[in-house]
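J.: Pasted the sequence and its predicted model underneath.
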Amino acid sequence: MSDSTIVPAGGAPGGKASSAPLLGRAAEPTLFELSHPGRRAWSFRTSGIPEMPVDQLVSASHRRNEPVPLPEVSERDLVAHFTRLSHRQFSVDLGAYPLGSCTMKYNPKICDTVADLPGLAGVHPAAPASLTQGWLGLFVELEEALCEITGMAAATLQPAAGAAGELTGLLLMRAWHQAQGQVRHKVIIPDSSHGTNPASVTLGGFEVVTVPSDSRGCVDMDALATVLDDDVAGIMLTNPNTLGLFEEDIAAIAAAVHGVGGLLYYDGANLNAILGVVRPGDMGFDIVHMNLHKTFATPHGGGGPGAGPVAVSERLVPFLPGPRPVRVETDGSSPVYEWSTPPESIGRVHTWHGNSLVLARALAYILANGGDGLRRIAEIAVLNANWVRQRLTGTYDVPFDRPCMHETVLSVRTMKHDYGVRALDVAKRLLEEGFHSPTVYFPLIVEEALMIEPTETESPQTLEALAESLERIAREASTEESGWMAQFPRGTPVRRVDEARAARTLIPTFDARG
């Protein structure tokens, strides 16, 4: 097998870690250091705009007293600078990105091409419905597809990310209870939940009630029974859960929560594992948020872009954020679309209509794969995760040694006890192998956790190389001298930092000149 097909730039498969620096890393000048008065990265022979003194264009009260301190560089230096910076970045387009819980997977470029079509990208969001029938039709078709995938009745496309979807779902939960003449205060969350869940519960005006996991890594049913009462508004969980395990008692959980008048909220971060196989609506969930930037082909990371549509069961449809795009039944040959606000809507949760180009990517991804293709995505993701789990069992601890879904959670607990090597050390050392590190120290209920999600887009060759690197790191932990791991990573733009010092000694100011 060819190393070039499975290991990104900077990796060293099959042997010890490489300490060779990447191109242009040493003493690389900043743009301010390259700056020279009068240099420009562009010039226009003529703009067609009459030349006028600046004092005739802008009044003195609105003019700066001195120029903005921006670098003056040539186009060549400007392009070279940002190209060098791009070479420092690791991405899903460069190599394996096995971050557990986040579904960082390769995104087909056809979806980007669709989102860049002038008929989509060139439309102003304030254009009336009569001039945006194509966009509204896209929204309606995407909503229907997402409802079919999740088993729900209707959805809002407004939320701009997963956490925004969480808050929207909780506001819908609160509105529904208020419409029943009830004020409920508590929302139940498993101890393996995503970190944003408790924050969203608090923002939604509820109190967090935590239930522990049992020996299987699932919700402890006996513990759940002790906290269920008529003050419970609902439960937030995902299935499969954050340990990568399927909640086998989900039907019983739904019955118990519904039995006290509560609602079930589905965190869609792990939806990639069950596409086309099972639907949250069929499990008994009332509210489902989806991370289109995780599951449906939008680049994930760096703060965006994101989209977190929320789908609901029939009884919650009147409370959805508005306005919503709807199809109007007509006798004409073509459907007509318009905006409509549900009668008891909780109001807007995002300006305009959500991150629309993310929505376009999602629909393109769904149509390109089809129903059978989406199911295949889930099947391969589960197969890949179980291959990694089985391959590394015995090399690393497996806290819950049972078939997993889309991700597997390993532990470095024994390695830490025997050799003083932590999960963070393994993650930093893996960077030297040419792979992005997995999620570490999460879920919090697993000591020295390594959370690996290979997704469906990684080939068997890539998984083999990843496993070999992790096995090699484990051998080094047992054979190299104490402190060996502390030197890594050696071949990255930023080497090992002192986390404690970084947290305690903050830099209070920033100089724009570097």
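T.: Perfect, thanks for sending it.
J.: now stretch 211-222, how far from the centre of its chain.
T.: With Cα atoms, centre = their mean, to the nearest Å as the basis, stretch 211-222 stands 26 Å off its chain's centre.
J.: and it, C-alpha only, in PDB?
T.: The C-alpha trace of stretch 211-222 is given here as PDB (Å, rounded to 0.1, in the frame of the first residue of the first chain):
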ATOM      1  CA  VAL A 211     -28.900  10.700  35.500                       C
ATOM      2  CA  PRO A 212     -25.900   8.300  35.500                       C
ATOM      3  CA  SER A 213     -24.900   5.600  33.000                       C
ATOM      4  CA  ASP A 214     -25.100   1.900  34.000                       C
ATOM      5  CA  SER A 215     -22.500  -0.800  33.500                       C
ATOM      6  CA  ARG A 216     -23.400  -1.000  29.800                       C
ATOM      7  CA  GLY A 217     -22.800   2.700  29.100                       C
ATOM      8  CA  CYS A 218     -26.500   3.400  28.700                       C
ATOM      9  CA  VAL A 219     -29.000   5.300  30.800                       C
ATOM     10  CA  ASP A 220     -29.500   3.700  34.200                       C
ATOM     11  CA  MET A 221     -33.200   2.900  34.100                       C
ATOM     12  CA  ASP A 222     -33.500   2.600  37.900                       C
END
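J.: Now the helix or strand where P198 lies: buried residues?
T.: Using DSSP states H and E, P198 sits within helix 196-203. For helix 196-203, the buried set under the neighbour-count rule, 16 or more other Cβ atoms under 10 Å, comprises 196-198, 200-201. Just so you know, the C-beta spots here come from the backbone N, C-alpha and C atoms, and that holds for glycine as well.
J.: Check which helices and strands that helix sits against.
T.: helix 162-179, strand 186-190, strand 207-211, strand 232-237 (3 or more Cβ pairs under 8 Å, 6 or more residues apart in numbering; DSSP states H and E).
J.: Can you tell me what sits against that helix?
T.: 162-163, 166-167, 170, 187, 189, 207-208, 236, 267 (Cβ atoms under 8 Å, 6 or more residues apart in numbering).
J.: switch to 6 Å and redo it
T.: With contact meaning Cβ atoms under 6 Å, 6 or more residues apart in numbering, helix 196-203 is reached by 163, 166-167, 170, 187, 189, 208, 236.
J.: for the chain, which spans come out with low pLDDT?
T.: The model of the chain has pLDDT under 70 over residues 1-27, 44, 301-304, 508-514.
J.: Recalculate using a threshold of 50.
T.: 1-26, 510-514 (pLDDT under 50).
J.: Regarding it, what is its longest helix?
T.: Ranked by residue count and defined by DSSP state H, the top helix of the chain is helix 356-392.
J.: packing partners for that helix?
T.: Packing partners of helix 356-392 (3 or more Cβ pairs under 6 Å, 6 or more residues apart in numbering; DSSP states H and E): helix 109-115, helix 133-150, strand 408-411.
J.: looking at these, which is closest to V257?
T.: V257 lies closest to helix 133-150 among the helices and strands packed on helix 356-392, at 18.1 Å (Cβ to Cβ).
J.: Span of stretch 449-464 from start to end?
T.: End-to-end distance for stretch 449-464, by Cα to Cα, to the nearest Å: 21 Å.
J.: Outside of that stretch itself, which residues are in contact with it?
T.: For stretch 449-464, the surrounding residues in contact (Cβ under 6 Å, 6+ apart) are 1, 6, 96, 98, 100, 105-106, 377, 380-381, 384-385, 388, 406-411, 423, 438-439, 441-442.
J.: Now L146: closest residue in space, sequence neighbours ignored.
T.: Excluding its sequence neighbours, the residue lying closest to L146 (Cβ to Cβ, 6 or more residues apart in numbering) is A155, at 5.4 Å.
J.: Does that neighbour belong to a helix, a strand or coil?
T.: strand (DSSP: H, G, I helix; E, B strand; the rest coil).
J.: Let me see the backbone angles for the closest residue to L430 other than its chain neighbours.
T.: In space, L430 comes closest to S437 once its chain neighbours are excluded; the distance is 5.0 Å by Cβ to Cβ, 6+ apart. As for S437, its main-chain torsions (degrees, to the nearest 10) stand at phi -70, psi 150.
J.: Could you do T30 as well?
T.: phi -80, psi 170.
J.: most packed of the helices and strands packed on helix 356-392?
T.: strand 408-411 (a mean of 26; mean count of other Cβ atoms under 10 Å).
J.: could you point out which element follows it?
T.: Next helix or strand after strand 408-411 toward the C-terminus (DSSP H and E): helix 413-419.
J.: Which stretches in this structure count as strands?
T.: 154-156, 186-190, 207-211, 232-237, 263-266, 287-289, 310-312, 324-328, 336-340, 408-411, 439-440, 449-452 (DSSP state E).
J.: can you list contacts of the first one?
T.: By Cβ under 6 Å, 6+ apart, the surrounding residues in contact with strand 154-156 are 143, 146-147, 309-311, 317, 320-321.
J.: Please apply the same query to the second one.
T.: Residues from elsewhere that reach strand 186-190 (Cβ under 6 Å, 6+ apart): 197, 201, 206-211, 219, 231-237.
J.: now swap in the fifth one and tell me
T.: Strand 263-266 is contacted from outside by 169, 173, 234-236, 254, 257, 280, 284-288, using Cβ under 6 Å, 6+ apart.
J.: Just checking: what are the partner strands of it?
T.: Strand pairing for strand 263-266, determined by DSSP bridges: strand 232-237 (parallel), strand 287-289 (parallel).
J.: Quick one: closest of those strands to L34.
T.: Comparing those under Cβ to Cβ, the one sitting nearest is strand 287-289, at 45.6 Å.
J.: got a list of contacts for that closest one?
T.: Identification of contacts with strand 287-289 by Cβ under 6 Å, 6+ apart yields 150, 152, 165, 169, 172, 265-266, 268, 280, 308, 310-312.
J.: Now flag whichever of those residues is closest to S91.
T.: Using Cβ to Cβ, the contacts of strand 287-289 come closest to S91 at G308, 21.9 Å.
J.: dump the residue contacts of the closest one.
T.: For G308, the contact set (Cβ under 6 Å, 6+ apart) comprises 159, 161-162, 164-165, 289, 291.
J.: So what pairs up with M451 in the strands?
T.: Counting by DSSP bridges, M451 forms beta bridges with V409, T439.
J.: Make a markdown table from the strands paired with strand 263-266 and add mean neighbour count and distance to D249 to it.
T.: Putting these into a markdown table (neighbours: other Cβ atoms under 10 Å; distance: least, Cβ to Cβ, whole Å) gives the following:
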| stretch | mean neighbour count | distance to D249 |
| --- | --- | --- |
| strand 232-237 | 26 | 11 |
| strand 287-289 | 29 | 19 |
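J.: mind giving me a markdown table with these and columns for distance to R76?
T.: Listed next are those as a markdown table, based on distance: least, Cβ to Cβ, whole Å:
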| stretch | distance to R76 |
| --- | --- |
| strand 232-237 | 53 |
| strand 287-289 | 46 |
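J.: Of all the ones you listed, which one is nearest T30?
T.: Closest among the strands paired with strand 263-266, once you apply Cβ to Cβ, is strand 287-289, at 41.3 Å.
J.: What is the distance between the closest one and the centre of its chain?
T.: Put simply, strand 287-289 sits 16 Å off its chain's centre (Cα atoms, centre = their mean).
J.: Please apply the same query to stretch 292-302.
T.: Worked out by Cα atoms, centre = their mean, stretch 292-302 lies 6 Å from the chain centre.
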